[in-house]
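Undergrad: Show me how the following folds:
(chains A and B)
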Amino acid sequence: MSTEVTNQNQLQARLILMLLLAPAVVWLAGLVLLPHVELAILSLRARVAPRVYEPSFAQYLTFIEEPLYWHTFVRTAVMSILATAITLLMAFPIAWTIAKLVRGRSKALLFVLCLIPFWVSETVRTLGWMILLRESGVLPDLLVTLGVTPAPVEMLYHDATILVGLVYTSMLFMVIPLISALESLDDSLIEAAYDLGGNGWSILRQIVIPHAAPGIVAGCIVVFMLTLGNYLTPTLLGGKNSQWFTEQIYTQFITRFNWEQGAAFGFLLLGLSTAIVWLGLRLSGQKFGEVMQRS
Amino acid sequence: MILSLPRPPWLRASTVIYGVIFFAFLFLPLVVVAVFAFNDAPYPAPPWRGFTLAWFLGTTPGQEGLFADTALLGSLWTSVVVACWVTVLSVLVGTANAFLIERTQFRGKQALSLLMLAPLVIPGVILGISILAFASRIANLADDLWGWELEFLRPGLPLVVLGQFAYIVSIATLTITARLKRFDITLEEAAYNLGASRAAVLTTVTLPYLQPALIGAAAISFLMSFENFNTTLMLVGSDSPLTVMMYGRMREGATPVLNAVSLFLMVASALLALTLLRGAKPSDAPPSS
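TA: Numbers count the residues shown, from 1 in each chain, chains lettered A, B, ... in the order given. So this is what the prediction gives:
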């Protein structure tokens, strides 16, 4: 009798496990793993005749041989690193202020103020920057009124504009992990360091930054990844000169219908973002699962 | 320097000044979008030509307001429909995933739960093209082998829903798992001891406890689906959701009707967020989007 009950319980437990496992497996296999396998196959074949394909590295060779492509690739990577660094530098003082300098209601208020812009879509935020910066926009108009420039200056379509947009778009993803990392830092450590003769700079370097390192790395990884994969901000704020790698992927896939080439570009971008994330985790001794839960 | 330490006046002053500049940077784009939604001119830029509600209510040709612009309203509706599907799928699968991670033991669980985070580090464009390529491979195969026309696997709204779901469900899973982790399992055991069935325990003990996380995950899923651009752009067919429609119009040269939609979205998402903030304690807040 009792073995029958346990057997039945075991059976029930197995059934529940299978039921819970099914959606996860369908999702991960059908929408993540297999599509990437398909992308890999696409990128490694070349069309020799209509509907006839053979394995080939032609797509990757095209990438190496055509300067436009790898220039865009390197440029996207460099701009993304730059944007990540600027975001970190801009976010740190605000995160510090919110985590350590304000208390109670004003703390909650400042925190919510940081969140608000990100409740609206990137399209809306980019539209705002376009209205601000275009030749007939608010800032050029203001500069003329103030007499700084004789005629309106076009502020869109520069690299600096793209950087502003990218930094703006990713700010939240830096501020939040920084705040949570800095909040866990015990004030008494800083007081002790101050009593022992430390100054602002040495305390920052020897206590604050080592303590906040997990948050810094988490923020940097997420921001870098989002920037690298961004399409909207570079194309709208950079116009025809934006030369962003996701734009190349879009062109190959949607405009030219050259899926093989687009797939190869996709893999190169994925490889780059994976390599940087891995390197960031490696250098900081963090674990992927923990970092993603923080951010 | 922290509060308890003496701070020189220049440091205090620069903290305040930096804070003001930082928040100006954050809010300036939103403020201009909101302000120019009311400008009586055919373009969203200075000079200011007087206040008008025409970009919301107007019906005259050349100054069609948001509520007369059927294309724009249609894409808004498309976004709502897509977001509802993504929300339902993400919360259901996210809940199942949370129970899978927290309550079951099986070989390869560690690897599976890491894999569940992978969509968060795949750029949206790549997720989009890979799903596009895989779906059309299946569609072509079905066509070649059996002559079936699997229309839903061609670019269009079903693929948009799947593409957005593929990574939003990761976030829903994280949110719900975080709450389930803090659940005191003895509550369930007590209920079992008192003779409750599995189903009764689930509906009267566990799910009510999870409710804030479920609502939070639903709200986050809805907002993220509504805002998603990268994945959507790759999978979209003839019906564009709002972000794709706005992108197209912004490339052509925007009129203030886009500002009007934007303001409408700002107010809507602010209301949604405020309702949630009132409902949930800060500790239940879902991770950032």
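Undergrad: C-alpha from now on. contacts and neighbour counts both.
TA: Fine.
Undergrad: can you list the residues of the stretch 101-250 of chain B near chain A?
TA: B:104, B:114-117, B:119, B:121-127, B:129-131, B:133-135, B:162-163, B:166, B:174, B:223, B:226-230, B:234, B:243, B:246-247, B:250 (C-alpha under 8 Å from any C-alpha of the partner chain).
Undergrad: Now, these that are in helices?
TA: B:114-115, B:124-127, B:129-131, B:133-135, B:162-163, B:166, B:174, B:223, B:226-227, B:230, B:234, B:243, B:246-247, B:250 (DSSP state H).
Undergrad: buried residues in the helix or strand hosting residue B:220?
TA: With secondary structure defined by DSSP states H and E, residue B:220 is part of helix B:207-227. Of all the residues in helix B:207-227, those buried under the rule 16 or more other C-alpha atoms under 10 Å in any protein chain shown are B:209-210, B:212-227.
Undergrad: wait, is residue A:37 part of a strand?
TA: No - counting by DSSP: H, G, I helix; E, B strand; the rest coil, residue A:37 falls outside a strand, being helix.
Undergrad: Distance check, it against residue B:276.
TA: 40 Å (C-alpha to C-alpha, to the nearest Å).
Undergrad: Ok, residue A:113 next?
TA: 16 Å.
Undergrad: can you list contacts of the helix holding residue B:220?
TA: A:119-123, B:79-80, B:82-84, B:86-88, B:90-91, B:95, B:164, B:168-169, B:171-172, B:175-176, B:179-180, B:183, B:242-243, B:269, B:272, B:276, B:280, B:284-286, B:289 (C-alpha atoms under 8 Å, 6 or more residues apart in numbering or on different chains).
Undergrad: Go ahead and produce CSV holding the CA coordinates of it.
TA: The C-alpha trace of helix B:207-227 is given here as CSV (Å, rounded to 0.1, in the frame of the first residue of the first chain):
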residue,chain,number,x,y,z
LEU,B,207,-0.1,32.1,-6.3
PRO,B,208,-1.5,34.9,-4.0
TYR,B,209,2.1,35.2,-2.6
LEU,B,210,3.5,35.5,-6.1
GLN,B,211,0.8,38.0,-7.3
PRO,B,212,2.9,41.2,-6.9
ALA,B,213,5.7,39.6,-9.0
LEU,B,214,3.2,38.4,-11.6
ILE,B,215,1.7,41.9,-11.9
GLY,B,216,5.2,43.4,-12.1
ALA,B,217,6.3,40.9,-14.7
ALA,B,218,3.2,41.6,-16.7
ALA,B,219,3.7,45.4,-16.6
ILE,B,220,7.4,45.1,-17.5
SER,B,221,6.6,42.7,-20.4
PHE,B,222,3.9,44.9,-21.7
LEU,B,223,6.1,48.0,-21.6
MET,B,224,9.1,46.3,-23.1
SER,B,225,7.0,44.8,-25.9
PHE,B,226,5.5,48.2,-26.6
GLU,B,227,8.9,49.8,-26.8
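Undergrad: Give the burial count for whichever residue of chain A sits closest to chain B, as a bare number.
TA: Residue nearest to chain B within chain A: residue A:128 (4.1 Å; C-alpha to the nearest C-alpha). Neighbour count for residue A:128, taken as other C-alpha atoms under 10 Å in any protein chain shown: 23.
Undergrad: so which strand or helix has residue A:12?
TA: Per DSSP H and E: helix A:2-27 holds residue A:12.
Undergrad: helices or strands next to that helix in the packing?
TA: Applying 3 or more C-alpha pairs under 8 Å, 6 or more residues apart in numbering or on different chains; DSSP states H and E, we find helix A:2-27 packed against helix B:70-103.
Undergrad: helices and strands around the helix it packs on, which ones?
TA: Applying 3+ C-alpha pairs under 8 Å, 6+ apart, we find helix B:70-103 packed against helix A:2-27, helix B:157-181, helix B:207-227, helix B:242-252.
Undergrad: Please identify the most buried of these.
TA: helix B:157-181 (a mean of 25; mean count of other C-alpha atoms under 10 Å in any protein chain shown).
Undergrad: Give the residue spans of the chain that score low on pLDDT.
TA: No chain was given, so I picked chain A. Filtered on pLDDT under 70, chain A yields the residue ranges A:1-3, A:293-295.
Undergrad: Not quite, go with chain B.
TA: Chain B contains residues with pLDDT under 70 at B:1, B:277, B:279-289.
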